[in-house]
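Enquirer: sequence and predicted structure, then a few things I'm wondering about:
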Amino acid sequence: MSAPEPDIPVFRRLIPYLRPHAVTIGLSLILLLAVTPAASFHPLVWRYVVDDVIGRRHLAHLLPALLVMFAVQGFATSVGALRDAMMERVGQKMVFAIRNDVYAKLQRQSMGYLHDHRTGDLIARAMSDVDVLQDVAVQGLDAIVSNLLSFLWVASVLVALNARLGMATLAPIAVVFFLTRFFNARVKAIYRGVRERLGDMNARLQENLNGMALIKAFAKEPYEARRFREATERYLRVNFGAIRARNIFFPGVRFVGFFSNIVAVGYGAWLTVNGQFTVGGLVAYRGYWWPLFQPINQLATINEMLQRAQAAGRRVFELLDEPESVRDLPDAVELNIGSGGARVEFRDVSFAYSERPVLCGVSFSANPGEMVALVGPSGAGKTTVLNLIPRFWDPKSGQILVDGIDIRSVTQSSLRRHLAIVQQDTFLFSGTVLDNVRYGRQDAGMEEVVEAARAANAHDFIMQLPQEYRTEIGEKGVKLSGGQRQRLAIARAFLANPEILILDEPTSSVEPESETIITQALERLMQGRTTFVTSHRFSLVRGANRILVFSSGLLVESGDHLELIAADGLYASMYAMQMGDEAGRPSC
């Protein structure tokens, strides 16, 4: 049994985003009060022309009457255009604020949250769901007010012209209220499903585009095309449900409107023949049929749009309401670290992904300027240790301290300003080489960038690129080799000049001819910094001041290379296995 959907009052939640524009909205409302009677003034002129100008042969009044009608309509059109422009600007500013809040919320979330949610669905919430709010919420709510005012004005005019005919004309419209309640009950769940299926479809597309090389490598194009088709078919089916509901609702509303017109013409003609109404009044009634029915038709359309906005808004505010598992404490302070590295200490740290334990009671320390290597089988918890240092996650228990300060008591931004990370899968942004090297310190001068690139053994290959440092490298650095991307990541870390350096398998995914160059660059980068490194290649870790050996989430051994070899434990066996493999390789 699925959990009940949270009750999110979407349109009430929009009020804080509209409050900064209260003056504009108030002015728009004042203009609306002026525009509404002006926009539906002309049928009264028709009545005057028929009953007075024609009926009483006051032909001299014809031109003034037409000029009045022209002037009033011109006023209504120009002021209405001004109102529309004002409210569209409010709508754009509202969606600007919501979308930036969504992005800021995603940035504040822990890596665990981002791992647990599909990227494509998050993109759908931040983009298309917010767009629905912009398209519907402000314009829709404004249209509700304007159409409701228009309906009330026209209805009051009709009753004033002839009370009995007015009440008879308005009576059928009450049926629209019951049709609307029926429609809303049907489509609420349907539109929720539409937004969910759209998120599924976006997630499938985004995942496939990211994995296109693997899809092609295994010739899985037909399989993935079938899976995408299944996602789009689910989206299609739920949309068919919405179409069925709409095709019951809107024809019903239109029929009610037309029936109201029949009542007005039929009963009005009877009253006119019996001397209880005028021909001009009947012409005015006919002229008011569309101004009366259009708001009803528009309100029905807007109601359907608001149901879609409710479904989209629920998904947006669900995201904004998600708790943040890693957040700054209210009294968090700035972390300050002197040059030459920092002391990092783990005290009885345990961590679990959901309910699966990953680290159990891990304790160790790294002194300023030391290199600490983490080794062990895959899944032993090494990368988790590295991810806990910058607070990508928080431990379930225990403490992590930097220079004796619990990292949960400092701001995340100040902690991370003292860190640099070089990962196994180097991420580069689309843009130039210069943009990516400068990412950690965007105010750096060109000389500093070149110096960092030289230190990372990257300058020479950069100078061979078409536009050198101004060369566009494509999405994720696709135009560069793995080794080149890694050297840019090292240059980025050099320029950031951190006190704490985290290296997560920095040479495992590069081509062999680049490994020596990258290792030399890493050795320069580690000088004078507290460094944590994981690697399956013992050539990189055996020079560490301390080696931590993990197995199944436990820290089982600790010491330098010689001490661990002498201990003849897990490290010694892993080292012997790798050295044996390397000794057995053919050489020339």
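Expert: Sure, I can see it. Residues are numbered from 1 along each chain as shown.

Enquirer: just checking, what packs against the helix or strand that contains Leu236?
Expert: Under the criterion of DSSP states H and E, Leu236 resides in helix 221-273. Judged by 3 or more Cβ pairs under 8 Å, 6 or more residues apart in numbering; DSSP states H and E, helix 221-273 is in contact with helix 163-170, helix 174-210, helix 279-321. In this view, the C-beta of every residue, glycine as well, is placed from N, C-alpha and C.

Enquirer: how about Asn208: what's its closest non-neighbour residue?
Expert: In this structure, Asn208 finds its nearest non-sequential neighbour in Glu224, 5.5 Å apart by Cβ to Cβ, 6 or more residues apart in numbering.

Enquirer: partners of Ile405 in the sheet?
Expert: Judged by DSSP bridges, the bridge partners of Ile405 are Val402.

Enquirer: hang on, I meant Arg546
Expert: Val372.

Enquirer: gap between it and Thr426?
Expert: 26 Å (Cβ to Cβ, to the nearest Å).

Enquirer: more neighbours, these two?
Expert: More crowded of Arg546 and Thr426, by other Cβ atoms under 10 Å: Thr426, with 23 against 19.

Enquirer: what sits against the more buried one?
Expert: Shown in contact with Thr426 (Cβ atoms under 8 Å, 6 or more residues apart in numbering): Gly477, Gly482, Arg485, Gln486, Leu488, Ala489.

Enquirer: and if we set it to 10 Å?
Expert: Neighbouring residues of Thr426 by Cβ atoms under 10 Å, 6 or more residues apart in numbering: 436, 476-477, 480, 482-490, 492, 506, 509-510.

Enquirer: hey, which of the helices and strands packed on helix 221-273 is tucked in deepest?
Expert: A comparison of the helices and strands packed on helix 221-273 by mean neighbour count, using mean count of other Cβ atoms under 10 Å, puts helix 279-321 on top with a mean of 20.

Enquirer: now that helix: how far from the chain's centre is it?
Expert: 28 Å (Cα atoms, centre = their mean, to the nearest Å).

Enquirer: out of the contacts of Thr426, which end up buried?
Expert: Buried members of the contacts of Thr426, scored by 16 or more other Cβ atoms under 10 Å, are 436, 477, 480, 482-490, 492, 506, 510.

Enquirer: am I right that the residue nearest to Asn208 is in contact with Asn210?
Expert: No. Taking contacts as Cβ atoms under 10 Å, Glu224 lies outside contact range of Asn210: 12.0 Å.

Enquirer: show the pLDDT at Gln399.
Expert: Looking at Gln399, its pLDDT stands at 92.

Enquirer: where does it land in three-state SS?
Expert: Secondary structure, DSSP: H, G, I helix; E, B strand; the rest coil: Gln399 is strand.

Enquirer: mind saving the C-alpha coords of the helix or strand Gly483 falls within as CSV?
Expert: If you go by DSSP H and E, Gly483 is part of helix 482-496. Output in CSV follows, covering the C-alpha atoms of helix 482-496 (Å, rounded to 0.1, in the frame of the first residue of the first chain):
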residue,chain,number,x,y,z
GLY,A,482,41.8,10.6,-19.8
GLY,A,483,45.3,11.6,-18.9
GLN,A,484,44.9,15.2,-20.1
ARG,A,485,41.7,15.6,-18.1
GLN,A,486,43.4,14.3,-15.0
ARG,A,487,46.3,16.7,-15.4
LEU,A,488,43.8,19.6,-15.7
ALA,A,489,42.2,18.4,-12.5
ILE,A,490,45.6,18.4,-10.8
ALA,A,491,46.3,21.9,-12.1
ARG,A,492,42.9,23.0,-10.7
ALA,A,493,44.0,21.6,-7.3
PHE,A,494,47.4,23.3,-7.5
LEU,A,495,45.7,26.7,-8.2
ALA,A,496,43.3,26.2,-5.3
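
Enquirer: use 431 as the first number from now on
Expert: New numbering, starting at 431: the last item is helix 912-926.

Enquirer: report how many residues lie close to Val852.
Expert: Per other Cβ under 10 Å, the neighbour tally for Val852 reads 23.

Enquirer: quick one, phi/psi of it?
Expert: Main-chain torsions, Val852, degrees, to the nearest 10: phi -120, psi 120.

Enquirer: kindly report the same for Pro798.
Expert: Taking degrees, to the nearest 10 as the convention, Pro798 sits at phi -50, psi 130.

Enquirer: that one - how many residues pack around it?
Expert: The number of residues packed near Pro798 is 18, by other Cβ under 10 Å.

Enquirer: what is the burial count for Tyr783?
Expert: Neighbours of Tyr783 using other Cβ under 10 Å come to 12.

Enquirer: any idea how far Leu512 is from it?
Expert: Look at Tyr783 and Leu512: by Cβ to Cβ, they are 56 Å apart.

Enquirer: swap in Asp561?
Expert: Taken as Cβ to Cβ, the span from Asp561 to Leu512 is 25 Å.

Enquirer: swap in Arg744?
Expert: For Arg744 relative to Leu512 (Cβ to Cβ), the value is 33 Å.
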